[in-house]
Every structure is written in structure tokens, then in C-alpha cells.
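Visitor: Show me how the following folds:
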Amino acid sequence: MKKNSVFILILAIISFSCNNSSLDKHKTKKSDVEIGYDIADLTLEFDAEKIGLLSIMKDVSHEKVHSILRDYLVVRHVSYLNITQNPNYIIDAVDSISQKNELALNVTASIIYNYKYGMISDDY
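Guide: Below you'll find the model as predicted:
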């Protein structure tokens, strides 16, 4: 009887641990886009001053500048190979970001350029 209860206990432990590992496999992994947004949020957290200054310089709300940069950083994270292989990809991506934020393409591109390279453009 004692051997049977030990055997049943061992089977129960093994069964329980197998069920836990199969549950882990069914947990959804974050997509590249979700990971991109996580990375962008962390990056932009440290750049609050830069975002504020760009907002003032471009006369665009802080929220819009943040949104533009967040989307841009996600595009860079998720589509790096597409960007390096197809120069038009970044133009299309920036155009999409500008439409989403209801801002002119040249202003959106200028915000991204100034953020990325830390330069001020005289034109925009």
C-alpha cells in the first residue's frame, strides 16, 4: 500500500509538472511589434526633455511628437531589414506615421530627423 501511494504521488507530481510546461507553451509570446513598442516606450522615457524641446520648436503637441517618435522607433525595430534594402520603405512608413498623426509629411520627417540626429533644420 505504501509503495502504491508513493508511486501515485510521483505520478501526480510528474503529471502536474508536465501540465505546467504545456501551459507555458500555450502562453502567448509578445509579437515583434509589441516588443518594439516596449523598447520605444523605454527609450522615450529617457528622452522626455528632447521630446519637449522638439514639441516647442515644431509647435506640435508633446503627445503628437511622442506618438510620432514612438511609431518611428517601432518601425525601425520591426522593419530594419526592409529599411536597409528598400529606401522607399522608410518614406512610406513616415508617410503613414504623418497621416496617423494628422501632420504634414515634411514636419513629421523633420521631427524624426531632429530627434535621431539632434540637429535643427532651418526650413522646418
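Visitor: Mind jotting down where the helices sit in the protein?
Guide: Secondary structure of the chain (DSSP state H): helices located at 2-26, 32-45, 48-58, 62-78, 80-85, 87-100, 105-117.
Visitor: want to throw those helices into JSON lines with mean pLDDT?
Guide: Shown next, in JSON lines, are the helices of the chain (pLDDT from 0 to 100):
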{"stretch": "helix 2-26", "mean pLDDT": "53"}
{"stretch": "helix 32-45", "mean pLDDT": "88"}
{"stretch": "helix 48-58", "mean pLDDT": "94"}
{"stretch": "helix 62-78", "mean pLDDT": "93"}
{"stretch": "helix 80-85", "mean pLDDT": "76"}
{"stretch": "helix 87-100", "mean pLDDT": "92"}
{"stretch": "helix 105-117", "mean pLDDT": "95"}
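Visitor: Could you save the ones you listed as TSV and add columns showing mean neighbour count?
Guide: In this view, the C-beta of every residue, glycine as well, is placed from N, C-alpha and C. Shown next, in TSV, are the helices of the chain (neighbours: other Cβ atoms under 10 Å):
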stretch	mean neighbour count
helix 2-26	9
helix 32-45	14
helix 48-58	15
helix 62-78	20
helix 80-85	11
helix 87-100	15
helix 105-117	18
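Visitor: what about stretch 30-39, distance to the chain center?
Guide: Remark: stretch 30-39 is offset 4 Å from the chain centroid, using Cα atoms, centre = their mean, to the nearest Å.
Visitor: could you dump it to PDB, C-alpha only?
Guide: What follows is stretch 30-39, C-alpha atoms only, in PDB (Å, rounded to 0.1, in the frame of the first residue of the first chain):
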ATOM      1  CA  LYS A  30       4.800  39.000 -27.500                       C
ATOM      2  CA  SER A  31       4.900  39.900 -31.100                       C
ATOM      3  CA  ASP A  32       7.800  41.900 -32.600                       C
ATOM      4  CA  VAL A  33       5.500  44.900 -32.700                       C
ATOM      5  CA  GLU A  34       4.600  44.600 -29.000                       C
ATOM      6  CA  ILE A  35       8.300  44.300 -28.200                       C
ATOM      7  CA  GLY A  36       9.000  47.300 -30.400                       C
ATOM      8  CA  TYR A  37       6.500  49.400 -28.500                       C
ATOM      9  CA  ASP A  38       8.000  48.300 -25.200                       C
ATOM     10  CA  ILE A  39      11.500  49.300 -26.400                       C
END
